[in-house]
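S.K.: Just the structure for this:
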Amino acid sequence: METKWSKVIIHASAFFAPWLVPIIFFLIGSDEEVKSISVQALLFQVVMIVLLTISGIFSFLIIGIPFLIVFGIMYFIAPIIGIVKALSDEPWRYPIVGRWV
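M.R.: Here you go, the predicted model:
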């Protein structure tokens, strides 16, 4: 499969199979860039779930509500930005975890 469409599928998987698709592309992919995007997408999902959970717990104390809103928006917007960048063949790294990989 073409690298561009592999990246688009990995980014879009955040809306239908956020863990399964990046793992599959990491295991069967041969391109290093696709593997890197797969790991970033998977780490992004894990980190965002942790951050949203912590924000949800702290929202009972009122201080978590702004974080819950910001992380919730980022959870949906970041994959859309990744899809647009992949379609235009521009390099893009996920926020927070992009520098880890």
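S.K.: For Lys35, see how far away the residue positioned nearest the centre of the chain is.
M.R.: Nearest to the mean C-alpha position of the chain, by CA atoms, centre = their mean, lies Ala41 at 3.7 Å. Ala41 sits 11 Å away from Lys35, going by CB to CB, to the nearest Å. Just so you know, the C-beta spots here come from the backbone N, C-alpha and C atoms, and that holds for glycine as well.
S.K.: follow-up on the earlier one: which pLDDT value goes with the residue nearest to the centre of the chain?
M.R.: Note on Ala41: pLDDT of 89.
S.K.: So which bits of the lengthiest helix in the chain are buried?
M.R.: The longest helix of the chain (DSSP state H) is helix 32-58. The neighbour-count check on helix 32-58 (16 or more other CB atoms under 10 Å) flags 34-45, 47-48, 51-52, 55 as buried.
S.K.: Check stretch 6-15 too.
M.R.: Ser6, Lys7, Val8, Ile9, Ile10, His11, Ala12, Ser13, Ala14.
S.K.: Now do it, average pLDDT.
M.R.: 87.
S.K.: what's the following helix or strand after the longest helix of the chain?
M.R.: As assigned by DSSP states H and E, the chain's next helix or strand after helix 32-58 is helix 64-87.
S.K.: centre of the chain versus stretch 17-27, how much separation?
M.R.: 11 Å (CA atoms, centre = their mean, to the nearest Å).
S.K.: and if you look at stretch 73-92?
M.R.: With CA atoms, centre = their mean, you get 9 Å for stretch 73-92.
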